[in-house]
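Pasting the sequence and the predicted model now:
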Amino acid sequence: MSHTVVTTTTTVRSSGDGLLNVGYTHTIPGLLKMGQLLALLIVFLCVHLVRGWPSWAAFQFFEVVALWFFIALLIFFLMHLFRLQGKMPCINWPLTEFFHYTVGAILIFIASIVAAAKSSGVSALVVASVFGFITTFLMAVNLWTSYSVACGPQAGSSV
């Protein structure tokens with residue numbers, strides 16, 4: 001008595017299954033992240049390339065904060081772009097981003113206030129502080145929009 005087993009595999013490929021999630025760049029969180037990246041890049045370049053800082057410690061702090069959150073935002077953006085969150089389910093990504101935006105908004109806001117107060121009319125430093133405030137606003141908007149995802153009621157829980 002012989003038995004034959006036939007296995008068939010059907011592969012269905014939709015437009016959203018590619019390596020790159022280009023559609024993310026057209027969403028509100030994607031646009032906010034790109035705006036934050038651009039504003040932080042401008043902040044970093046304005047502070048880094050200017051010579052003759054009126055207050056070295058204040059602008060060194062501003063430069064470090066801008067670079068740190070630029071790199072962190074770039075990592076989050078690339079993770080969304082390449083769909084890497086699903087490959088690392090052990091980390092609660094919405095909560096991680098929520099804390100990142102909370103700390104980032106506070107530190108960049110403080111650095112922007114100090115930079116605005118200590119810029120002494122140096123135009124590049126004034127521009128850096130303005131874009132620091134823009135970044136703070138964008139992070140606050142992103143924080144507000146991500147709050148319901150990270151801290152809102154979970155599916156299946158009774159309120």
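Great, that's in hand.

tell me the secondary structure for the most centrally placed residue in the chain?
By C-alpha atoms, centre = their mean, the chain has its centre lying nearest to Leu73, at 3.1 Å. Following DSSP: H, G, I helix; E, B strand; the rest coil, Leu73 is assigned to helix.

Surely it and Met34 touch.
No: using C-beta atoms under 8 Å as the test, Leu73 is too far from Met34 to be in contact (9.3 Å). Glycine gets a C-beta too; all of them are placed from N, C-alpha and C.

ok, longest helix in this structure?
The longest helix of the chain (DSSP state H) is helix 123-151.

Ser123: neighbour count?
10 (other C-beta atoms under 10 Å).

ditto for the one 5 residues further on
Other residues within reach of Ala128 by the criterion other C-beta under 10 Å amount to 28.

Ile110 too?
So Ile110, with other C-beta under 10 Å, has 15 neighbours.

Repeat that for Leu81.
17.

give me every residue that touches it.
Residues near Leu81 by C-beta atoms under 8 Å, 6 or more residues apart in numbering: 20-22, 24-25.

how does it look with 6 Å?
Applying C-beta atoms under 6 Å, 6 or more residues apart in numbering, we find Leu81 in contact with 21, 24.

Looking at it now. What's its pLDDT?
At Leu81, the pLDDT value in this model is 93.

that older thread, would you mark the buried spots in the longest helix of the chain?
Neighbour counts over helix 123-151 (16 or more other C-beta atoms under 10 Å) mark 124-125, 127-143, 146, 150 as buried.

do stretch 70-88 as well
Of all the residues in stretch 70-88, those buried under the rule 16+ other C-beta under 10 Å are 70, 72-73, 76-77, 79-81, 85.

what's the pLDDT at the residue nearest to the centre of the chain?
Predicted confidence (pLDDT) for Leu73: 95.

now do the one 4 residues further on
The confidence metric pLDDT takes the value 95 at Phe77.

Val130 too?
Looking at Val130, its pLDDT is 97.

returning to that earlier point: save the buried residues of stretch 70-88 as CSV, and put in distance to Gly104 and secondary structure too.
Output for the buried residues of stretch 70-88, formatted as CSV (distance: C-beta to C-beta, whole Å; DSSP: H, G, I helix; E, B strand; the rest coil):
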residue, distance to Gly104, secondary structure
Phe70, 10, helix
Ala72, 7, helix
Leu73, 8, helix
Phe76, 11, helix
Phe77, 13, helix
Met79, 16, helix
His80, 16, helix
Leu81, 19, helix
Gln85, 19, helix
